[in-house]
Structure formats: C-alpha cells, structure tokens
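*Asks:* Fold the following.
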Amino acid sequence: MRHFDLAIVGTGPAGQKAAIQAAKLGKRVAIIEKNNVLGGAQINTGTIPSKALREAVLHLTGASKRGLFGENHRVKRDITIADLISVGQQVIRREWEVIRDAFDRNGIELVWGKAHFEGPNLLQIEFGDETELITADKFVIATGTKPAKPESVPFKAGKVFCSDTILALQSIPKTMTVVGGGVIGVEYACIMATLGVRVTLIEGRNHVLGFLDHEIAEAFQYHMRRMGITLRLGEKVESIEELPPDNGSGILVQATLESGKKIRSQTLLYAVGRQGVCGELGLANVGLEFDDRERLKVNEFYQTNVPHIYAAGDVIGFPALASTAMEQGRQAVCHAFGAPTQSMSNLFPYGIYAVPEISMVGKTEQQLTEEGIPYEAGIATYAEIARGQLLGDTNGLLKILIHQEEHTILGIHIIGTGATELVHIGQAVMALGGKAEYFTHSVFNFPTLAEAYKVAAYNGLNKLSHV
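*Replies:* Alright, predicted model coming up:
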C-alpha cells in the first residue's frame, strides 16, 4: 500500500495548484482523477472549450471586426460544427499536455480512478476492474461540480442539453431556447446568436446576471436584443417536452412557461445551477457532511470539520471561479503543511465571456447605495478612445466608482472588447489603495483601451469638482 504526504481528489484548477504547491514544499503527492482526461470541467466541458468556441465563432463570422469593416464582413460563409469544435480540441489537447508536464516535472503521482474514503486516512481507488488502497496524512477534496439535471427535464442527445453536453451538437440549429440567465446561459446564448441561431433566453428574474452593476446589465441586455436574442425575463419554466415532427420541421422542444407562453425550438440548453458530487466520495466514513447541493463547508483556511481534510474550488460554493479555485487550492496546502501565506483578497474579478465581454471588480452602484457609501461614477466610452475605433468597438464602456471624499476606487465595471484583461489595471490600483488621481497623473500607451481609465477618472473627478 502506497503512502503519501498529500492526496488530492480531482485534477481541476484547485487540485492542480494544490498538487504543485505541495510538491514545491517537498511533499510526496498523489492526485486522483476519475475521468479519462485531466483538467476537470475547466479544461473539458466548461471554461476552456466554451471560450475556444467563442473565439472561433467571433473569428469565422467576422463579428468582432464588423464595426471596422462593415456589417457584411465575414471570414467564412458556411460555418460547420467541425470548424468550431476543431479549434476547441486543439486548445484542450494542449492544456492536457501542460497539466501532465507540470505533474511530471514536479514528481506528482497521477492516479487514474474513482476515489472513495474507507477511513480517515485511507482512500480506495477503483479503475475498471482494478482496486488500489492508498493512505495519506492530508487530503484536499477538489471534485468540482456538475450541471444540475432535474428529473423533470427530458435531457436527450441532440435536443435537450446541459452545459456538459452542448459541445456535442451535431449541427448548428436554426433555433435554440436557453433556460437560465446566469453566466453559462448568457455566454452560450450570445455565441449561438452570433452564429445566426434564433435564440430565446428565459430567466426567472427581471434581469440577467443579477450580480452585475445594473447599468452594465442593462447595456448588455440591449446588446443581446440587438443580436436578435429574445429575452423572456421574469418568466419561469413550468415544463419541457419534445413535440412530434410537424410540417417537415422535425422534432421540436417546447418549454411551457408559468405564464402560459409556449416557446418552441429545435434545441434547448438547460443552464440553471450546478450540483456537487460529494455523495460519491464516502465522506460519511470520515465524519464529513455536505449540504443539499453536495457542497462542503470550510473555514478561512479551507479546512473542513475534519482537520486533516481540506476542500477547494467549486465544491465549496461561492465564488466558484477557476481563478479563485487555483488560489484556494494553493492556500489550503500552505496551511496544511505550515507554510506562510496571505489570505486571499476578497478583491477578485469576475469575467463573463459573452458577446460583448464583461468584467468587474469591487462594489456595484447598488451595493454602495445600500451601504451608504458616497460615490461618483466616472464613465469612458470606447467611442471616445482611439483604440476602440481601431478595433471597431464603439459600444464598449468603462466605469470607475470613486469615493466622493477620499477619491479611492470602489469599483470597476467594463463591457466591451478586452474587458477581462482591462479589469486587472483597476484591480491593482484598488488593492494598493490608489486614488482616481493615479489615472489622471499616469501616462498610458497611445492608442490603447487602457486610456479609458484616464478618461473615466477625469470624468468622475470633474463631476466632483463641478467642472
């Protein structure tokens, strides 16, 4: 029976960084993966493939350059699923290689199979007909989550998809219904609409992406409607069913809403919530409990109620981002083996890879108003930035929320090209306690989108000075 200093369950972002950090501390590490590929949802069904699909769609349709070359600009007229999937597969294969190389270089033992706790320090791993027992001093659970699939939804290949199966589309449909206005739902709705698919998005709340600053959310909904997406907001789905072929249209999927509306389309993506997989791990054998969505509760050190077992990533819930999962895994290992580290800042950015891109860090206007914090908003539009003109994006917007008295930066909100990259400039200034004057006194390369910070800072400070 093999013994390790640390055993990690799951090779997603949290597991990867936990394993590498432990190896750097000189520990003997095993990382266990139940699927036949590395990387978890991040590499195989979520972050990477959906972003690769987005980039392929924007390039092949010419959508990202139409503001510069005209509405009729198109790189490829007849786009096939093969065109799109091949791009994602190239990226995914490369990511597999990068992860495996990192494990090999750091002497991390990769164990294929399904892990199950048999005791406080004992894991049983099943791979096919083979079974292995390993022991470890410490454990990190980084099993992530899977799409929620209610029994009432008739998931079926080719017709009704979840976010794990949507990439298995055999052809580009003419129509699609998307249930859920969260990150996954809006990203795929925008991707499909860019391809020319007629998309209807159904969301139970009165707006999509409820955590966004309302001005950004409203601007985004305007963009979605301009793309031809029909938004059914404040509507809930009562039932989903397949309809028999009619008038040569083939089998359709019908979503019946509580309001009585019936939405029909060739395909449907159900993107409402995600569910943990803790029920498969035998956690009762070590005294670990999970909630009704199979998520684990941890303390500030990512330690469960069993001191030598840690958890990181989506399995612990909010914020459920690949970026935060990586740091959680690293910090969990540092605490487990007594290595010095700083607590992760709450100042982390969100990135939504829709069309257009959206990113934010810090407080929204609504939060600041509720908390009674006096602020002013400085706005810069891409239309007034030379780089925006060069990129053909004149609809983008960057907003800085500035404390009225101290001039510190309270929030950054961006919609438009490069939003997920630009946000880090504001994040750094906020983290270091910088003020709006930092942007007005700094020199930015010209022409760049980063100049928007200077314009927005001037706009906000001018309002405060009544200029």
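*Asks:* Count residues in the vicinity of Gly180, would you?
*Replies:* Using other C-beta atoms under 10 Å, Gly180 has 23 other residues around it. C-beta coordinates here come from the backbone N, C-alpha and C atoms, glycine included.
*Asks:* just the one 5 residues further on next, same as before
*Replies:* Residues contacting Gly185 under the criterion other C-beta under 10 Å number 23.
*Asks:* I'd say it and Gly273 touch.
*Replies:* No - checked against C-beta atoms under 8 Å, the pair Gly185 and Gly273 is beyond contact range at 10.6 Å.
*Asks:* Which neighbours do those two have in common?
*Replies:* Common neighbours of Gly185 and Gly273, using C-beta atoms under 8 Å, 6 or more residues apart in numbering, do not exist here.
*Asks:* Run through the helices of the stretch 201-350 of the chain in chain order.
*Replies:* Here the stretch 201-350 of the chain has its helices, by DSSP state H, counting those that start in this stretch, at 214-226, 322-336.
*Asks:* Looking at the ones you listed, which is nearest to Glu376?
*Replies:* Of all those, it is helix 214-226 that lies closest to Glu376, at 13.7 Å by C-beta to C-beta.
*Asks:* burial measure for the spatially closest residue to Arg198 that is not a sequence neighbour, as a count.
*Replies:* Ranked by C-beta to C-beta, 6 or more residues apart in numbering and with sequence neighbours excluded, the top spatial neighbour of Arg198 is Thr175, at 4.7 Å. By the criterion of other C-beta under 10 Å, Thr175 has 18 neighbours.
*Asks:* I'd like to know how far Thr175 sits from Ile263.
*Replies:* 9 Å (C-beta to C-beta, to the nearest Å).
*Asks:* so what sits against both of these two?
*Replies:* Common neighbours of Thr175 and Ile263 (criterion: C-beta under 8 Å, 6+ apart): Thr200.
*Asks:* Name the helix or strand of the chain that has the lowest mean pLDDT.
*Replies:* Lowest by mean pLDDT, DSSP states H and E among the helices and strands of the chain is helix 66-69, with a mean of 57.
*Asks:* After that helix, heading C-terminal, what element do we hit next?
*Replies:* With elements assigned by DSSP states H and E, the helix or strand that comes after helix 66-69 is helix 81-105.
*Asks:* Show me what that following helix is packed up against.
*Replies:* Packing partners of helix 81-105 (3 or more C-beta pairs under 8 Å, 6 or more residues apart in numbering; DSSP states H and E): helix 13-24, helix 40-44, helix 47-61.
*Asks:* Identify, out of those, the most deeply packed stretch.
*Replies:* helix 13-24 (a mean of 27; mean count of other C-beta atoms under 10 Å).
*Asks:* Now do that helix: which elements does it pack against?
*Replies:* Against helix 13-24 (3+ C-beta pairs under 8 Å, 6+ apart) you get strand 2-9, strand 29-33, helix 40-44, helix 81-105, strand 130-141, helix 322-336.
*Asks:* Other residues contacting the longest one?
*Replies:* Contacts of helix 81-105 with the rest of the structure, by C-beta under 8 Å, 6+ apart, involve 11, 16, 19-20, 31, 37-39, 43-44, 48-49, 52-53, 55-57, 60, 76, 108, 110, 167, 169-172.
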